[in-house]
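In: sequence first, then the predicted structure, then my questions.
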Amino acid sequence: MKSAVVVFPGSNRERDMLRALETITGTRPAAVWHADRDLPDTDLVVLCGGFSYGDYLRTGAIAARGNIMPAIAKAADRGVRVLGVCNGFQILCEAGLLPGVLMRNAGLKFVCKHVDLEVANADTDFTRKYEAGQVWRCPVAHGDGNYFTDPETLKRLEGEGRVGLRYAHGTNPNGSLNDIAGILNERGNVFGLMPHPENMIEPLNGSTDGRALFESVLEAVA
Amino acid sequence: MKARIKVTLKNGVLDPQGKAIEGALGSLGFSGVASVRQGKLFEVELAETDPAKARAALEEMSKKLLANTVIENYAVELDEK
């Protein structure tokens, strides 16, 4: 599987992501600079974590209007898988590739800890290697992870099985609606989540439960 | 031309920052503050001299970047002097 990681000014998780992708896919991912207007030929585009443009205006707002974004929207239209993690999720929402918005955490504090994630839908390109209802631990590190959308969109997300992951067991760290940790677009090829599966890859991380997310995409594109 | 764009949270959208400010006002002894909502104000200077064109451009800027209309309202004020 060919993959590409997009790097914005202020991204800081690109090395973790590149390493996770190379470890799992066996192929070195491309790093793409935000000012480029074209993507390399790829099966998966990843927007990684960080603080693009210092979170100025709103998290992800300025990156979402960057040069590379029309190429990502076009790739998503063609069915290329797009994954946004943390700031990447915020950017995908601001760019309109996913509905809703990530607001300031309800508790106003930056949260950096492990949470329990429950697989709300195991029938997606990003979660198929998990069991439905499976709970796995994963780190979060964000100040703006409070997912919000209008009631109608929320109803659609729930009704169409587009909530992929939820915070389980009362571990919701940010006040996110319906404990939402990750959502899909209508077609199911764009997924955004606040937690960091790329940091749950090696036994040294304490668990390798994050691997299944990348292995899901690997299987989906095979 | 000079303009101001006021961006405020829509009704019903949780504003934890406003709540924290409300709490701080209370602890400073300001009683009777029923609610505080935090917003943003942008002061923009435009080269455009035609008010209608300026207003249209400011609307576009608000929709495309300055406000996220999922959670925010915006209001454009143009200084036509």
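Out: Received the coordinates, thanks.
In: so is the lowest-mean-pLDDT helix or strand in chain B next to chain A?
Out: Lowest on mean pLDDT, DSSP states H and E among the helices and strands of chain B sits helix B:16-27, with a mean of 93. Yes: for helix B:16-27 and chain A, the contact criterion (Cβ under 8 Å from any Cβ of the partner chain) is met by B:16-17, B:20. C-beta: built from backbone N, CA, C; applies to glycine.
In: now list the buried members of those residues.
Out: B:Pro16 (16 or more other Cβ atoms under 10 Å in any protein chain shown).
In: of the residues of helix B:16-27 next to chain A, which is the nearest to A:Asn67?
Out: B:Gln17 (31.5 Å; Cβ to Cβ).
In: for the closest one, which non-adjacent residue is spatially closest?
Out: What sits nearest to B:Gln17 in space, not counting adjacent residues and going by Cβ to Cβ, 6 or more residues apart in numbering or on different chains, is B:Gln38, at 4.8 Å.
In: tell me which element the one you found is part of?
Out: Here B:Gln38 is covered by no helix or strand, with elements defined by DSSP states H and E.
In: same thing with A:Leu21?
Out: helix A:14-25.
In: buried residues, that helix. List them.
Out: Here helix A:14-25 shows A:14, A:16-18, A:20-21, A:24-25 as buried, counting by 16+ other Cβ under 10 Å.
In: can you tell me what sits against the least confident helix or strand of chain B?
Out: A:104-108, A:175, B:9, B:33, B:35-38 (Cβ atoms under 8 Å, 6 or more residues apart in numbering or on different chains).
In: in that helix, what's buried?
Out: Buried residues in helix B:16-27, defined by neighbour count with 16+ other Cβ under 10 Å: B:16, B:19, B:22.
In: just the closest of the residues you listed to chain A, please.
Out: B:Pro16 (5.0 Å; Cβ to the nearest Cβ).
In: give me the pLDDT for residue 73.
Out: With no chain named, the answer covers chain A. Listed pLDDT for A:Ala73 reads 98.
In: should've been chain B
Out: Confidence score, pLDDT, at B:Asn73: 97.
In: how about the helices in the chain?
Out: Picked chain A for this. A:14-25, A:69-78, A:87-94, A:151-159, A:211-221 (DSSP state H).
In: wait, chain B was what I had in mind.
Out: According to DSSP H, the helices that chain B contains are B:16-27, B:51-61.
In: and stretch A:16-33, C-alpha only, in CSV?
Out: Output of stretch A:16-33 as CSV, limited to C-alpha atoms (Å, rounded to 0.1, in the frame of the first residue of the first chain):
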residue,chain,number,x,y,z
ASP,A,16,5.5,9.0,14.4
MET,A,17,3.0,8.7,11.6
LEU,A,18,5.6,8.0,8.9
ARG,A,19,7.3,5.4,11.1
ALA,A,20,3.9,3.7,12.0
LEU,A,21,3.0,3.6,8.3
GLU,A,22,6.3,2.2,7.2
THR,A,23,6.3,-0.4,10.0
ILE,A,24,2.8,-1.6,9.1
THR,A,25,2.7,-1.3,5.3
GLY,A,26,6.3,-2.3,4.7
THR,A,27,6.6,0.6,2.2
ARG,A,28,8.1,4.0,2.9
PRO,A,29,5.4,6.7,2.9
ALA,A,30,5.8,10.0,1.0
ALA,A,31,6.0,13.2,3.0
VAL,A,32,4.0,15.9,1.2
TRP,A,33,4.5,19.6,2.0
